Structure formats: structure tokens, C-alpha cells
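> okay, here's the prediction I keep looking at, along with the sequence it came from:
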Amino acid sequence: MFSRRDLLAMSAAGAAMVGSSAQAATFGNPDEPPQGAVNARSPGSLTDPGPQNPALARQFPSAQNPPATDVGGLPMDWASFNNAPRRIQDGGWARQVTVADFAISKEISGVNMRLSAGGIRELHWHQAAEWSIMTYGSCRITVLDTQGRPYVADLKAGDLWYFPAGTPHSLQGLGPDGCEFVICFDDGHANEFNTLLVTDWFAHTPPEVLAKNFGVPAEAFAKIPLNNRWIFQGTVPGDLAADRAAVARHAEAPPYPFVHSLGSSAPVKESSAGSIRVADSTNFKVATTVAAALVTMPPGAVREMHWHPNADEWQYYIKGKARMTVFDTGPNARTTDFSAGDIGYVPRNLGHYVENVGDTELQLVGVFRAPRYEEVSLSNWLTHTPPKLVAQHLNIDEKLIAQWPDNSPGLMPKT
């Protein structure tokens with residue numbers, strides 16, 4: 001895993017820091033016994049001569065060589081759609097990561113789905129609420145609320161939809177190349193492969209009951225599918241206005257839209273270090289159980305140290321490369337690497353930061369099972385605490401504390 005030059009450099013650095021004997025309780029090396037490559041005086045402490053998968057190991061440099069500040073054994077906070085099996089059918093595919101695959105993710109399960117132009121995710125509903133962000137192409141959604149009010153809309157990359165639990169809906173890819181999106185359910189056990197499908201219900205209802213229910217002869221249902229369709233290829237939908245007119249008969253419009261343009265909304269935080277956009281029940285009224293934050297950062301920028309007091313955070317990395325450290329009591333601290341298509345998870349109230357460690361823009365979306373987005377900034381807390389008190393805690397000059405950001409910047413630039 002390491003070249004001879006790497007080993008010599010790390011060994012020299014370790015020797016320079018620890019001198020004749022390893023010393024704990026030093027800046028950047030707080031624990032007993034001393035941890036990290038910087039404390040490894042013998043080259044054999046760093047090499048891995050056993051069986052390896054170098055291609056996989058290269059994706060996780062912070063696991064191969066954790067910072068000396070990592071300590072303890074926090075649960076795995078990484079998963080990925082990249083190694084989740086795809087269920088492929090004519091019209092598209094889907095793959096999922098639930099709590100069965102990702103033990104820490106108790107509040108949210110995730111689905112990545114692709115629909116071709118005309119591809120249909122058949123009419124269905126769920127036991128859990130469904131929130132989604134479009135990542136590619138365009139999609140038409142249909143939905144009926146619990147008051148019998150229909151809604152049809154087209155979405156593009158960066159847009160959201162939200163369907164409350166039990167709300168029937170459908171999804172269909174538009175031209176020219178369909179769509180791709182990520183779905184979050186507000187239950188870690190929710191399973192996209194096991195949903196309530198209209199074709200299943202028809203096939204498993206006696207024909208004479210179907211006839212009575214719809215007021216037509218039983219023979220009208222002779223050709224219904226005897227197996228569910230789930231995803232199937234259809235024709236590309238026509239004009240949106242025509243579909244809206246077709247569903248509007250004898251029905252009112254719902255009071256709030258089921259979609260929201262998060263990607264083009266005004267940022268709540270924006271600077272040279274990037275931007276943060278938020279969607280929750282305050283600006284996306286229908287989304288009563290899921291809130292989200294879309295974070296975009298240039299290379300070297302840091303999502304400031306913070307925590308979320310009202311919900312776990314389920315993260316989806318849309319592009320770029322990131323490193324995140326999560327802090328818990330104990331102390332416990334774990335640093336993990338993320339790339340596009342990966343999923344991160346941070347339990348509520350656990351401190352964390354996210355750093356763009358790549359050479360391109362980083363973008364991720366954080367999803368929360370909560371009606372509102374809430375965050376506590378570490379720097380904002382400390383700069384609104386009496387400086388003398390903070391100085392005594394951290395052995396830092398009050399003049400330096402006065403230079404810390406006191407406005408919850410959200411993002412900090414590369415220094």
C-alpha cells in the first residue's frame with residue numbers, strides 16, 4: 001500500500017514528533033496509547049503484506065491511514081449505491097440501500113432509480129413518505145392527495161418531489177433521455193422492491209368484484225397483467241397541459257405543490273466557500289416529515305463543524321470527493337472518505353464536518369426525517385459564549401477567539 005519513499009517519510013515524521021519515546025496528549029495526537037502513522041516508528045507498523053484489493057483500498061485513504069485524532073469504534077457511516085445490485089427491467093432500473101444493508105441508517109432508506117424516455121414506474125403507493133431529488137434528465141409525476149385532488153408536474157435536475165405515506169403516484173421518464181433520481185423514505189426499513197402496486201391489486205381481486213367496483217362488465221378485465229409491472233417501457237408523455245386537463249375533471253387542485261425547485265432556489269448561505277440551499281416545511285409546505293440541505297463546495301472548502309439536534313442526517317454525494325469526521329461521546333471519532341454515488345450517515349447531535357478533498361466541485365444533499373432543518377454551529381456557539389470562559393476551556397487567547405466567525409457561516413474557505 002505504501003512506497004519505500006512513503007514509509008521513510010512517515011517514519012521520519014513519526015520520529016520527529018515522538019522523539020525517543022511516543023508521547024500522548026499532544027496537539028493532533030490526543031490519545032493513549034498514541035495512534036496514527038505519525039506514531040509508527042517501525043516501517044512494519046505501516047505495511048500490509050496480506051491479501052489486498054488495491055482498487056478498493058485507494059477509495060478509502062482515511063481508512064488505510066486514519067488521522068491520529070481518530071479514536072474508538074463508531075459504527076460504519078458509509079454505504080454506496082455503486083455496489084448495490086440493480087434491478088433492471090425494460091424501461092429502467094433501481095437499486096436501494098436500506099437498514100438491512102446499512103445498519104446505522106434507521107431513519108432513512110435510499111433508492112437510486114433510472115427511467116428511460118417513456119419508462120414508467122407503475123402506479124403505486126408506500127407505507128412511508130417518499131422524498132426525491134432529481135439528478136439527471138426530466139420526469140413527469142402524477143399524484144392524488146387524500147382529499148381526491150390530482151396533481152401532475154414535470155421535474156428537472158435539482159428539483160424535488162414529496163409524497164406523503166399512502167399517497168398514490170406514478171413516475172415516468174421524459175425525452176430526450178429519461179431521468180435519474182434518488183428517493184429517500186422516512187423509514188430505514190422501507191423497501192422499493194416491495195410496494196403496493198395497482199397491477200398486483202387488480203390481478204388479486206375477483207373479476208366480479210372488479211366489475212362491481214368500476215361499473216363495467218367483468219370481461220373488460222380479461223387482459224389485465226397477471227404479474228406486476230413495477231418498471232416498464234411506455235410511450236413518451238405528451239403535452240403537460242393536456243395531462244393536467246385530463247385529470248382535472250370534477251376535482252379541485254391541491255393547496256400546495258408536490259414539487260420544489262431546490263437546485264435553483266435562493267441559498268440560505270453563500271460565499272466563496274460555496275452555498276447551502278434548504279427545503280423543509282417552511283418553503284416546501286407538503287414536505288411535513290422530510291427536510292433537506294443541498295451543499296455545494298469548491299476544492300479545499302469545509303462544511304463547518306456542526307450538529308443537527310432534531311434528526312439523523314442521511315447524505316447522498318452527487319459529485320466530487322469528500323472526507324468527513326464524526327465525533328461522539330467516549331470519545332469516539334471516525335474519519336471516512338466519500339465519492340459520487342456514496343451515502344453517509346450521521347446520527348442526531350453528533351458533531352461532524354465535511355471537507356472537499358478533491359480537485360473538482362463537491363455537491364451533496366443531506367436529508368433529515370424532520371419537518372424543519374435545524375443546525376448548531378460550533379463556532380457560533382463558542383463566539384456567543386463569554387470569551388473568558390471559552391479561553392479557560394481551550395487555553396486560547398481571547399484575541400484569537402474574537403477572530404472566529406460569529407455568524408454561522410456554514411462553509412469555510414480553504415486556508
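Perfect, I can see it now.

> so which strand or helix has Gly50?
For Gly50, there is no helix or strand it lies in under DSSP states H and E.

> before we move on, what about Asn349?
Counting by DSSP H and E, Asn349 is found in no helix or strand.

> again, but for the one 5 residues further on
For Val354, the element it lies in under DSSP H and E is strand 351-356.

> run through who's touching that strand.
295, 297-307, 315, 320-328, 346, 362, 364, 378 (Cβ atoms under 8 Å, 6 or more residues apart in numbering). In short, each C-beta sits where N, CA and C put it, glycine included.

> buried subset of the residues you listed?
295, 297-298, 300-307, 315, 320-328, 346, 362, 364 (16 or more other Cβ atoms under 10 Å).

> returning to what we had before: and whichever helix or strand comes after the strand holding Val354, average pLDDT?
Once the chain leaves strand 351-356, the next helix or strand it forms, by DSSP H and E, is strand 362-368. Regarding strand 362-368, the rounded mean pLDDT is 98.

> what's the longest strand along the chain packed up against?
Looking across the chain with DSSP state E, the single longest strand is strand 130-144. Contact partners of strand 130-144 among helices and strands, from 3 or more Cβ pairs under 8 Å, 6 or more residues apart in numbering; DSSP states H and E: strand 150-156, strand 159-163, strand 169-173, strand 179-185, helix 240-247, strand 291-297.

> next, the buried residues of the fifth one.
If I follow you right, that is helix 240-247. Quick answer for helix 240-247 (16+ other Cβ under 10 Å): Asp243.

> gap between that helix and the chain center?
The chain centroid and the centroid of helix 240-247 are separated by 33 Å under Cα atoms, centre = their mean, to the nearest Å.

> what's in contact with that helix?
So helix 240-247 is contacted by 140, 142, 150, 152-154, 237 (Cβ under 8 Å, 6+ apart).

> now do it and strand 150-156, the angle between them.
160 degrees (axes from the mean of the first three to the mean of the last three Cα atoms, to 10 degrees).

> ok, then the element right after helix 240-247?
Next along from helix 240-247, by DSSP H and E: strand 259-261.

> residue contacts, Ala291?
278-281, 311, 367-368, 370-373.

> ugh, wrong one, I meant Ala63
Taking Cβ under 8 Å, 6+ apart, one finds 57, 336-337 in contact with Ala63.

> where's it, which helix or strand?
Using DSSP H and E, Ala63 falls in helix 61-64.

> with Gln315 instead?
Counting by DSSP H and E, Gln315 is part of strand 313-319.

> what helices or strands is that strand leaning on?
Under the contact criterion of 3+ Cβ pairs under 8 Å, 6+ apart, strand 313-319 touches strand 332-339, strand 342-346, strand 362-368.

> and Gly188, how far is that from Thr336?
Distance from Gly188 to Thr336, counting by Cβ to Cβ, to the nearest Å: 19 Å.

> neighbour count: those two, which is higher?
Per other Cβ atoms under 10 Å, whichever of Gly188 and Thr336 has more neighbours is Gly188, with 24 against 21.

> pretty sure the more buried one contacts Gln96?
No. Using Cβ atoms under 8 Å, Gly188 is not in contact with Gln96; the gap is 11.2 Å.

> who touches both of those two?
Residues touching both Gly188 and Gln96 (Cβ under 8 Å, 6+ apart) are Ser109.

> what about Ser170, neighbour count?
15.

> helix, strand, or coil at the residue nearest to Val354 when sequence neighbours are not counted?
Residue nearest to Val354 in three dimensions, not counting chain neighbours: Arg303, with 3.9 Å by Cβ to Cβ, 6 or more residues apart in numbering. Three-state assignment for Arg303 (DSSP: H, G, I helix; E, B strand; the rest coil): strand.

> partner residues bridging Arg303?
Beta-bridge partners of Arg303, counted by DSSP bridges, are Val354, Leu411.

> what about it, distance to Ala391?
26 Å.

> which ones are touching Ser170?
120-124, 141-142.

> neighbour-wise, which of these leads?
Arg121 (25 neighbours).

> for that one, list the residues it contacts.
92, 113, 115, 170-172, 230-231.

> between those, which is closest to Leu160?
Leu171 (13.3 Å; Cβ to Cβ).

> you'd agree that closest one is up against Ile120?
Yes. Contact criterion Cβ under 8 Å: Leu171 and Ile120 qualify, at 7.3 Å.

> quick one on the thing from earlier: show the buried residues in the contacts of helix 240-247.
Buried by 16+ other Cβ under 10 Å: 140, 142, 150, 152-153, 237, out of the contacts of helix 240-247.

> which of the contacts of Arg121 are buried, as a PyMOL select command?
Applying 16+ other Cβ under 10 Å to the contacts of Arg121, the buried members can be selected in PyMOL as follows:
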select buried, resi 92+113+115+171+172+230+231
